[in-house]
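Chemist: this is a predicted model, with the sequence first.
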Amino acid sequence: MFLQQLVNGVALGSVYALIALGYTMVYGIITLINFAHGEIFMVGAFIGLLLVSYFKVNVFVAILGAMIFCMIMGVVIELVAYRALRKSSRLSALISAIGVSIFLSSLALMVFGADAKGFPDTAFPVQQIKVGSADISTLQILIIGVAAVLMMALEFIVQKTKIGKAMRATSEDYNTAALMGINVNRVISFTFALGSALAAAGGVLVGVLFNAVSFNMGLMAGLKAFAAAVLGGIGSIPGAMLGGLLLGVSEVFGVAIGYSSYRDAIAFTILVLVLLVKPTGLLGQKITKKV
Amino acid sequence: MADFLNSMVALVDPYTMQILVNVGIAIVLALGLNVIVGLTGQLSLGHAAFMSIGAFTSAMITIKTGLPFSINLMLTGVVTAIVAAMIGFPILRLTGDYLAICTLGFAEIVKVFFLNFEPTNKALGLTVPTAKTVVPMPIYVWLIVILSVILVTFVQSSRFGRALKAIREDEIAAEAMGINTARYKIQAFALGSFMAGVGGGLYAHFLSYINPSDFGFLKSVDILAMVVLGGLGSVPGTVIGSSVLASAPEFLRFMSQYRMLVYGALLVFLMVFRPNGLLGGVNFTDLLLRAIGRKPAGKGIK
């Protein structure tokens, strides 16, 4: 029972972590809470669904297709809705992000309709594997596996490549990075592309896991992933992974011990409690403000 | 008297009247949030939670006690302000986006609480009896709007308001000037929530049906968009911003299914072209002085 719930929780948590990474990277670089991120996750799920049902591709190709589509979308959104606002008040950019979010979810409502769509059964053959007392489905292994591979790839890009170095420099100090000859605009576009691709992968995985894709799935998932990013310490990449896993596991356990009608409050209660004790999140660095 | 007021309301067709009342309630809510976000500079993403606390409190007061509506609204406002102060005490220590996410989290918790709260019918929602007042609802709402505008304008130029603006501009400098930032932030939070509670009470009695799901994240965002669109910290701006956004869905109704699509695009468009809001940075005293042909006073220190 415990092992079973733990696996369920880790599977859900790794999806939260995938979405949270996008929030945290964008925040780390331009201190914007990108509220449209949840909707990118939703669009990713729909693209995956379209690829699987109309082009009969397998799940991996669908994930890849959704990632590429959302990469482009993320870059375009940044260009249209955020770039002009980079120098103005952060609240203006926030409202702009909320505008994009409303736009995307109503677009999805118009194009795909209000009812949830399911993946065809042939999308991914599900088998149960018995490990001790737990029934682990191949689907859960897929989710945890894909999430782990993507996170390792991200860690590699951020730590070992040149553009990753530029990203770290930009998040350290935007202006100094620009002075050092880093093309800041390109770094920001790249960050949006990376974050959106991860969210898209998360979208397809959630779509397959719950077998439901709907126009409003982005809102709650986005809010919880944002909570996960803040819980881990916003701006910190390992923090987002830790926060996502923690929220996923605690949500599944909360439901398992009988608080299912409080499901959506569990994540936020943990968040509020952690912030009260550690005001900058679990792995966030405390920055002393100097006058 | 009551007959006279009723006949006045009857002059306007019900559809227009409904839009007017919605705009009025939006103004009360947005002015409250303006005190927290615009004046004090504390980003709150949970204003709808205080509105829902106000709505349910006010509805329960009418159902259980049947007190006159004015007393009911006062009590509702006070209850909401007390809850806000209790919440604000621990979370206002947080700064910037950590505070924003905390208010968001709190709002979600409040929503889930009401969805599971037996006395208010859980997820079924609550049917609210008519308000105990002889003044017709639309006029009542607009009286409150006028009171709120006067209150916030007064607060803005008071000693209290100047302290809040100091906190907004630079918290550390304000603290160094001897302003008790923690106390002022909690008071501003309580004042804004008081108005949210009153707005919620009006909303409940005007619609006569409330459901916890009506007060979700999107409602908070709606109110925040009104404040930012109008221009942070500006009372006339907030009034215009809420009038535009509260009536926009009605004016966009002819586009039926494209309505929310256009609304979202409109938000992005307005922000990109007016990043400081419609009236942000516009000085009304200067405009007024120019209009009556007098030169405004010197520029002052920016």
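Modeler: Alright, I've got the coordinates. Numbers count the residues shown, from 1 in each chain, chains lettered A, B, ... in the order given.
Chemist: mind showing which ranges of the chain have poor pLDDT?
Modeler: In the absence of a named chain, this looks at chain A. Within chain A, the ranges that satisfy pLDDT under 70 run A:122-123, A:286-291.
Chemist: that answer is for a different chain, and I need it for chain B
Modeler: In chain B (pLDDT under 70), the answer is B:1, B:256, B:280-286, B:294-302.
Chemist: where along it do the strands fall?
Modeler: B:126-127, B:209-210 (DSSP state E).
Chemist: got those as CSV, with mean neighbour count and distance to A:Ala256 columns?
Modeler: The way it works is simple: take the backbone N, C-alpha and C, and place the C-beta from them, glycine included. Converted to CSV, those look like this (neighbours: other C-beta atoms under 10 Å in any protein chain shown; distance: least, C-beta to C-beta, whole Å):
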stretch, mean neighbour count, distance to A:Ala256
strand B:126-127, 16, 31
strand B:209-210, 18, 32
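Chemist: tabulate these (JSON lines), appending distance to chain A.
Modeler: Output for those, formatted as JSON lines (distance: least, C-beta to the nearest C-beta, whole Å):
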{"stretch": "strand B:126-127", "distance to chain A": "18"}
{"stretch": "strand B:209-210", "distance to chain A": "19"}
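Chemist: hang on, A:Ile136 in a strand?
Modeler: Yes - judged by DSSP: H, G, I helix; E, B strand; the rest coil, A:Ile136 forms part of a strand.
Chemist: what about it, neighbour count?
Modeler: 19 (other C-beta atoms under 10 Å in any protein chain shown).
Chemist: what would the strands of chain B look like in TSV with distance to A:Ala229?
Modeler: Formatted as TSV, those follow (distance: least, C-beta to C-beta, whole Å):
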stretch	distance to A:Ala229
strand B:126-127	35
strand B:209-210	32
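Chemist: among those strands, which comes closest to B:Leu267?
Modeler: strand B:209-210 (26.0 Å; C-beta to C-beta).
Chemist: starting at the chain centroid, how far to the closest one?
Modeler: Strand B:209-210 sits 19 Å away from the centroid of its parent chain (C-alpha atoms, centre = their mean, to the nearest Å).
Chemist: might you report the residue contacts of the closest residue to B:Val135 other than its chain neighbours?
Modeler: Spatial nearest neighbour of B:Val135, excluding adjacent residues (C-beta to C-beta, 6 or more residues apart in numbering or on different chains): B:Leu5 at 6.0 Å. Going by C-beta atoms under 8 Å, 6 or more residues apart in numbering or on different chains, B:Leu5 touches B:Val134, B:Val135, B:Pro136, B:Ile139.
Chemist: kindly report the same for A:Ala81.
Modeler: A:Ala36, A:Ser96, A:Ala97, A:Gly99, A:Val100, B:Val268, B:Met271, B:Val272.
Chemist: surely the last one touches A:Ile95?
Modeler: It stands for B:Val272. No - in this structure B:Val272 lies outside contact range of A:Ile95 using C-beta atoms under 8 Å: 10.4 Å.
Chemist: compare those two and say which is more crowded by neighbours.
Modeler: Between B:Val272 and A:Ile95, counting by other C-beta under 10 Å, A:Ile95 is the more crowded of the two (25 against 19).
Chemist: for that one, give me its contacts.
Modeler: A:Ile95 makes contact with B:Leu224, B:Ala225, B:Val228, B:Leu229, B:Leu267, B:Met271, according to C-beta under 8 Å, 6+ apart.
Chemist: chain A: which of the residues you listed is nearest?
Modeler: Within the contacts of A:Ile95, the smallest distance to chain A is 2.9 Å, found for B:Leu267 (C-beta to the nearest C-beta).
Chemist: now that closest one. Nearest residue, chain neighbours left out?
Modeler: In this structure, B:Leu267 finds its nearest non-sequential neighbour in A:Gly99, 2.9 Å apart by C-beta to C-beta, 6+ apart.
Chemist: rewinding a little: closest to B:Phe50 out of the strands of chain B?
Modeler: Smallest distance to B:Phe50 across those (C-beta to C-beta): 13.9 Å, for strand B:209-210.
Chemist: what helices or strands is the closest one leaning on?
Modeler: Secondary-structure packing of strand B:209-210 (3 or more C-beta pairs under 8 Å, 6 or more residues apart in numbering or on different chains; DSSP states H and E): helix B:47-64, strand B:126-127.
Chemist: return the list of strands paired to that strand, each annotated with direction.
Modeler: Pairing partners of strand B:209-210, with direction, according to DSSP bridges: strand B:126-127 (antiparallel).
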